[in-house]
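> Give me a model of this one.
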Amino acid sequence: MSGERDPFGEVPPPDPLRLVVADDNPVVRAGLTALLSGREDLEVVAEAADGRKAYEATLAHLPDVVLLDVRMPGVDGLTALPHLVPLTAVLMLTYSGESDIVHEALRRGANGYLVHGEFTPDELVTAVRDARRGRPHLTPTAAGRLLAQLRAGGTGDSASGAASGRRWLNAGPTSTENLSQLQPDMAQSVSGRSTYGLSAREAEIMELIASGMSNQQIAATCFISEKTVKNHINRIFAKLHSTSRSEATAKWLGTRRGPARDGGDRW
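Residues are numbered from 1 along each chain as shown. Sure, this is the predicted structure:
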């Protein structure tokens, strides 16, 4: 048996999941691209600053998932959404958590609705992977808006909205479980790794540091100021007994393979 050829030894790895990131804020786009492209099974094939460019990029690159902001100049996300849904899975990724916007996005075929600041990097990656499988995800604000509409019931438009919400919740085999799946609990997302006493928010920011994001990108992704990011980093460095981003990243990832790409500079 030892001399026999392994029939599975040359099986190529699966193709990466291909993404288009659509957001009018270039810092948010860059941050999301850096975060997602750092995963072996994900590839950002294009960025777009509005709905029209998102549609054009989808036609050109045929991605598996589009991450789509709501409020963009020109063609906004809700306007582009019905044109994107026949082509690929669409995951709303936005700061807009208003009830009517959440409901309309889901009614028009979005595979999920994530509000910035309510998910960790690992939870975003899980939602992206599940979007391709047809498993929807909602962050707490979107889930709350949808549940409120379901409870309202009533007649006329509200009854139609409730029926639409029930259809969306029943779209996937485990969709109702996902209403609470994206709670910001970094302790779960880094299970098996020492958290060094970091809080959930500090662990989230450390994950972003390890992905190569700058302070400006982290601030945009987490919807906080750069000064707040620096305060978090000071506490992270103290808890990890580190003096540079590269040293902190090495400890966080449990490796000493070499310096991170920032060359060891402090923040």
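> and Pro26, how far is that from Asp69?
Pro26 is 12 Å from Asp69, where distance means C-beta to C-beta, to the nearest Å. Heads up, the C-betas are built off the backbone N, CA and C, glycines and all.
> of these two, who's got more company?
Set Pro26 next to Asp69 and count neighbours by other C-beta atoms under 10 Å: Asp69 wins out with 26 against 11.
> Next, find the distance separating that one from Asp15.
Between Asp69 and Asp15 the distance is 26 Å, computed by C-beta to C-beta.
> The residue nearest the centre of the chain is in what secondary structure piece?
In the chain, the residue lying closest to the centroid (C-alpha atoms, centre = their mean) is Leu124, at 2.8 Å. Using DSSP states H and E, Leu124 sits in helix 121-133.
> any idea how far Tyr55 is from the nearest residue to Leu59 once chain neighbours are set aside?
Nearest residue to Leu59, sequence neighbours excluded (C-beta to C-beta, 6 or more residues apart in numbering): Leu87, at 7.2 Å. Distance check for Leu87 against Tyr55: by C-beta to C-beta, it reads 8 Å.
> Tell me which of those two has more neighbours.
Tyr55 (21 against 13).
> Tell me who's in contact with that one.
Taking C-beta atoms under 8 Å, 6 or more residues apart in numbering, we find Tyr55 in contact with 75, 80, 83-84.
> what comes up buried for the helix holding Leu124?
Buried residues in helix 121-133, counted by 16 or more other C-beta atoms under 10 Å: 121-132.
> Same check on stretch 98-115?
Under the neighbour-count criterion of 16+ other C-beta under 10 Å, stretch 98-115 has 99, 101-108, 110-115 buried.
> now the strands for the stretch 51-200 of the chain?
65-68, 89-94, 112-115, 137-138 (DSSP state E, counting those that start in this stretch).
> Looking at the contacts of Tyr55, which has the smallest pLDDT value?
Across those, the smallest pLDDT goes to Val75, namely 91.
> where's that residue relative to Asp69, distance?
Val75 sits 11 Å away from Asp69, taking C-beta to C-beta as the criterion.
> Domain boundaries for the protein, per the record?
The record's domain parsing of the chain by automatic domain parsing lists 17-179, 186-253.
> Can you tell me which of those has the worst average pLDDT?
Of all those, mean pLDDT reaches its minimum on domain 186-253 (a mean of 79).
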